[in-house]
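Engineer: Just the structure for this:
(one chain, ligands or ions: 1)
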Amino acid sequence: MFSHLPVSGILKLPCRMSSSLASALPASLLRSAAYIGGSWVRSSDSATFPVVDPATGAELVQVTDCGPKECRETVKAAAGAFQVWKEVPSKERSNLLRKWYDLMIQNKEDLARIITAENGKPTKEALGEIIYAAGFLEWFSEEARRIYGDVVSVPMKDRRALVLKQPVGVATVITPWNFPSAMITRKVGAALAAGCTVIVKPAEDTPLSALALAELAHQAGIPAGVYNVVPCSREKAPAVGEVLCTDPSVAKISFTGSTATGKILLRHAADSVKRVSMELGGHAPFIVFDSANVDKAVAGALASKFRNSGQTCVCTNRFLVQKGIHDVFVKKLAALIEKDLHVGNGFEEGVTQGPLINERAVEKVEHHVRDAVSQGARVETGGKRSTYGKNFYEPTLLSNVTTKMLCSREETFGPLAPVIKFDTEEEAMAIANSANVGLAGYFYSQDPAQIWRVAERLEVGMVGVNEGLLSSVECPFGGVKQSGLGREGSKYGIDEYLEVKYVCFGGL
Ligand code: NAD
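Structural biologist: Modelled structure (predicted):
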């Protein structure tokens with residue numbers, strides 16, 4: 001069936017590495033072939049694409065470039081495996097997920113190195129991502145055993161009604177580069193716990209984390225065809241996406257990425273009416289009211305804005321600061337940025353700001369800064385590319401920003417903190433809620449009535465009150481408006497992979 005390997009067990013194809021960094025990466029987890037039906041597979045035309053270290057531009061590895069043919073074969077493998085996996089007792093599925101979690105923890109340093117190499121984020125942050133990512137396997141290994149149905153009371157004496165929960169089927173999982181590991185486990189943990197099988201198409205920039213997870217899934221004993229990975233280049237993503245999102249054997253699509261791509265996949269899903277979960281773009285407001293504790297607000301602002309060099313979907317994208325506290329907030333935030341943030345290669349000690357993912361991402365930040373400054377914004381700190389390298393941008397704070405500027409209207413996805421001054425709570429709420437997306441929102445206030453009011457009125461899926469970091473395995477992650485559909489993690493996340501079936505027992 002595939003162009004290579006009827007092997008028993010796993011065939012570890014050698015990686016084609018071409019830089020000294022790649023050789024420093026853990027060979028035990030570095031894979032460059034697709035993982036399909038429990039085997040490491042090259043594409044039938046032997047096509048490959050490069051994975052590049054965003055900090056240096058050096059090529060790390062050439063990875064198999066899968067196309068529609070490989071995807072159709074993967075769907076078959078996943079559909080076959082589903083017939084077996086759905087019957088596996090939940091306790092056994094739970095044990096296998098737990099083993100996968102244990103292996104992630106045992107290999108956490110190596111997995112973190114892979115993230116830093118392909119994504120650029122500092123190793124400390126990469127390690128944090130691995131702990132977070134592994135946490136979803138642990139959490140859903142526990143949830144696997146708590147998939148309950150219902151017995152429903154009905155008015156007819158001779159009937160009883162049951163509600164069963166059953167796995168949806170084969171799930172296509174398409175993920176972005178900014179959390180190369182966690183965006184996979186957040187979906188796959190829930191899917192496997194529910195009894196679904198998955199086909200992961202990782203982002204072209206960061207396929208190595210997905211493949212390292214495949215190696216560990218294999219070691220954990222996850223059966224062949226249950227977790228599959230089909231890496232592909234950006235050029236092939238539309239064709240691959242079309243097969244994976246239209247094949248009749250695929251029952252569910254779970255996507256994390258931009259709103260624009262999410263809309264394409266929703267159109268694909270429509271023809272065969274597939275279940276969908278969408279975690280899309282954000283434009284998070286961070287509101288600082290006059291009553292806020294300014295030092296706490298400044299610390300929260302730094303954490304919320306500059307993690308992953310501003311490249312997370314829940315990163316603050318615009319600061320709204322009330323006029324009484326505005327000047328002191330701006331002054332303190334500029335000072336903290338200059339003191340605590342250090343640009344450099346993520347492998348270096350003390351670096352907090354790695355590169356952006358590629359030059360296009362840097363150009364977007366430059367464009368937003370240029371546009372704002374040309375309309376009167378003031379650069380408080382930063383404001384240009386870092387001398388460290390072409391994919392690096394200085395952490396930047398702009399004041400005197402207006403709602404007309406691009407950075408107030410679009411997701412920047414980079415280390416730019418624009419501050420808009422406001423007068424009243426009503427004005428702040430109107431600006432915050434004017435976006436057509438609504439993922440995360442943050443605010444700082446010490447007025448209890450205001451806290452309730454604003455938390456309830458913010459049109460977002462997640463609210464941080466006097467807190468700049470809110471993601472946690474135990475809590476529901478997701479957005480409203482064009483930020484997406486469905487929730488991941490928490491007790492709600494597994495529902496995305498379960499069907500509800502009503503069974504009516506008559507003639508009793
Ligand atoms: P992207 O939409 O360009 O890419 C995401 C994935 O979709 C990649 O795997 C890519 O190859 C794939 N893709 C692109 N075009 C496709 C197509 N036509 N068919 C099938 N697959 C296709 O997004 P990105 O630039 O990688 O990620 C940044 C965006 O993701 C930001 O907008 C960010 O807010 C969002 N994001 C959201 C969340 C969330 O949980 N809501 C988390 C992380 C990132």
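Engineer: Quick one: the strands in the stretch 151-300 of the chain, in order.
Structural biologist: 160-167, 170-174, 197-201, 227-229, 250-256, 275-279, 284-288 (DSSP state E, counting those that start in this stretch).
Engineer: cool, and the stretch 301-450 of the chain?
Structural biologist: Using DSSP E, counting those that start in this stretch, the strands found in the stretch 301-450 of the chain span residues 316-322, 378-381, 396-399, 416-422, 437-438, 440-444.
Engineer: Excluding sequence neighbours, find me the nearest residue to Ala29.
Structural biologist: For residue 29 the amino acid is Leu, not Ala. Using Cβ to Cβ, 6 or more residues apart in numbering and skipping residues adjacent in sequence, the residue nearest Leu29 is Ala212, 4.0 Å away. The C-beta positions use only the backbone N, C-alpha and C, and glycine is treated the same way.
Engineer: who in the stretch 151-300 of the chain is up against the ligand?
Structural biologist: 174-178, 183, 201, 203-204, 237-238, 241, 256-258, 261, 264, 279-282 (Cβ under 6 Å from any ligand atom).
Engineer: Buried among these? Need that as a selection in ChimeraX.
Structural biologist: The ChimeraX command for the buried members of these (criterion: 16 or more other Cβ atoms under 10 Å) is given here:
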select :174,175,176,177,178,183,201,203,204,237,241,256,257,261,264,279,280,281,282
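Engineer: Take the residues of the stretch 151-300 of the chain next to the ligand and keep only those in helices.
Structural biologist: Those of those mapping onto helices are 183, 237-238, 241, 261, 264, per DSSP state H.
Engineer: Would you tell me which one of the residues you listed comes nearest to the ligand?
Structural biologist: Lowest distance from the ligand to these (Cβ to the nearest ligand atom) belongs to Gly241, with 2.1 Å.
Engineer: which stretches of the stretch 1-150 of the chain have low pLDDT?
Structural biologist: Residue ranges of the stretch 1-150 of the chain with pLDDT under 70: 1-23.
Engineer: which stretches of it form helices?
Structural biologist: With helices called from DSSP state H, counting those that start in this stretch, the stretch 1-150 of the chain shows them at 20-24, 68-85, 90-106, 108-119, 123-143.
Engineer: can you redo the ones you listed as CSV with distance to Ala428 and mean neighbour count?
Structural biologist: Formatted as CSV, these follow (distance: least, Cβ to Cβ, whole Å; neighbours: other Cβ atoms under 10 Å):
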stretch, distance to Ala428, mean neighbour count
helix 20-24, 46, 15
helix 68-85, 47, 20
helix 90-106, 41, 19
helix 108-119, 34, 24
helix 123-143, 30, 22
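Engineer: Of all those, which one comes closest to Leu498?
Structural biologist: Nearest to Leu498, of all these, is helix 123-143, at 10.7 Å by Cβ to Cβ.
Engineer: Can I get the closest one in CSV, CA atoms only?
Structural biologist: Listed next in CSV are the C-alpha coordinates belonging to helix 123-143 (Å, rounded to 0.1, in the frame of the first residue of the first chain):
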residue,chain,number,x,y,z
THR,A,123,14.1,26.4,26.2
LYS,A,124,12.5,27.4,29.5
GLU,A,125,9.2,28.2,27.6
ALA,A,126,9.6,25.1,25.5
LEU,A,127,9.9,23.0,28.6
GLY,A,128,6.8,24.7,30.0
GLU,A,129,5.0,23.8,26.8
ILE,A,130,6.0,20.1,27.1
ILE,A,131,4.6,20.0,30.7
TYR,A,132,1.4,21.7,29.5
ALA,A,133,1.2,19.4,26.4
ALA,A,134,1.8,16.2,28.5
GLY,A,135,-0.8,17.4,31.0
PHE,A,136,-3.5,16.9,28.3
LEU,A,137,-2.6,13.3,27.9
GLU,A,138,-2.7,12.8,31.6
TRP,A,139,-6.0,14.7,32.0
PHE,A,140,-7.7,12.8,29.2
SER,A,141,-6.3,9.5,30.4
GLU,A,142,-8.4,10.2,33.5
GLU,A,143,-11.4,11.5,31.6
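Engineer: elements contacting it?
Structural biologist: helix 90-106, helix 108-119, helix 182-194 (3 or more Cβ pairs under 8 Å, 6 or more residues apart in numbering; DSSP states H and E).
Engineer: With distance to Phe82 added, can I get the ones you listed in JSON lines?
Structural biologist: Putting the helices and strands packed on helix 123-143 into JSON lines (distance: least, Cβ to Cβ, whole Å) gives the following:
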{"stretch": "helix 90-106", "distance to Phe82": "13"}
{"stretch": "helix 108-119", "distance to Phe82": "27"}
{"stretch": "helix 182-194", "distance to Phe82": "11"}
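Engineer: out of those, nearest to Arg72?
Structural biologist: helix 182-194 (20.1 Å).
Engineer: Mean confidence (pLDDT) on that closest one, please.
Structural biologist: For helix 182-194, mean pLDDT is 98.
Engineer: what's it packed up against?
Structural biologist: By 3+ Cβ pairs under 8 Å, 6+ apart, helix 182-194 packs against helix 90-106, helix 123-143, strand 170-174, strand 197-201, helix 207-220, strand 250-256.
Engineer: Save the strands of the stretch 151-300 of the chain as CSV, and put in mean pLDDT and distance to Gly149 too.
Structural biologist: Formatted as CSV, the strands of the stretch 151-300 of the chain follow (pLDDT from 0 to 100; distance: least, Cβ to Cβ, whole Å):
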stretch, mean pLDDT, distance to Gly149
strand 160-167, 98, 5
strand 170-174, 98, 21
strand 197-201, 98, 22
strand 227-229, 98, 26
strand 250-256, 98, 19
strand 275-279, 98, 19
strand 284-288, 98, 37
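Engineer: one step back: could you export the helices of the stretch 1-150 of the chain as JSON lines, including distance to Ile357?
Structural biologist: Below are the helices of the stretch 1-150 of the chain laid out as JSON lines (distance: least, Cβ to Cβ, whole Å):
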{"stretch": "helix 20-24", "distance to Ile357": "16"}
{"stretch": "helix 68-85", "distance to Ile357": "24"}
{"stretch": "helix 90-106", "distance to Ile357": "23"}
{"stretch": "helix 108-119", "distance to Ile357": "7"}
{"stretch": "helix 123-143", "distance to Ile357": "14"}
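Engineer: Name the stretch from the ones you listed that approaches Tyr444 most closely.
Structural biologist: The closest of those to Tyr444 is helix 123-143. By Cβ to Cβ, the value is 23.4 Å.
Engineer: circling back to that earlier point, let me have the strands of the stretch 151-300 of the chain in CSV, adding distance to Glu87 as columns.
Structural biologist: Putting the strands of the stretch 151-300 of the chain into CSV (distance: least, Cβ to Cβ, whole Å) gives the following:
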stretch, distance to Glu87
strand 160-167, 10
strand 170-174, 15
strand 197-201, 12
strand 227-229, 17
strand 250-256, 16
strand 275-279, 21
strand 284-288, 43
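Engineer: what residues are up against the spatially most central residue of the chain?
Structural biologist: In the chain, the residue lying closest to the centroid (Cα atoms, centre = their mean) is Met183, at 3.7 Å. Met183 makes contacts with 175-176, 256, 279, as judged by Cβ atoms under 8 Å, 6 or more residues apart in numbering.
Engineer: May I have the predicted confidence score for the closest residue to the ligand within the stretch 301-450 of the chain?
Structural biologist: Residue nearest to the ligand within the stretch 301-450 of the chain: Cys313 (3.2 Å; Cβ to the nearest ligand atom). Note for Cys313: predicted pLDDT of 96.
Engineer: In this structure it contacts Gly281, no?
Structural biologist: Yes. Taking Cβ atoms under 8 Å as the definition, Cys313 is a contact partner of Gly281 at 6.3 Å.
Engineer: what residues are shared contacts of those two?
Structural biologist: Common neighbours of Cys313 and Gly281 (Cβ under 8 Å, 6+ apart) are 439, 483.
Engineer: how about the helices of the stretch 1-150 of the chain, which one is nearest Pro54?
Structural biologist: In terms of Cβ to Cβ, the element of the helices of the stretch 1-150 of the chain nearest to Pro54 is helix 108-119, at 7.1 Å.
Engineer: Good, wrapping up.
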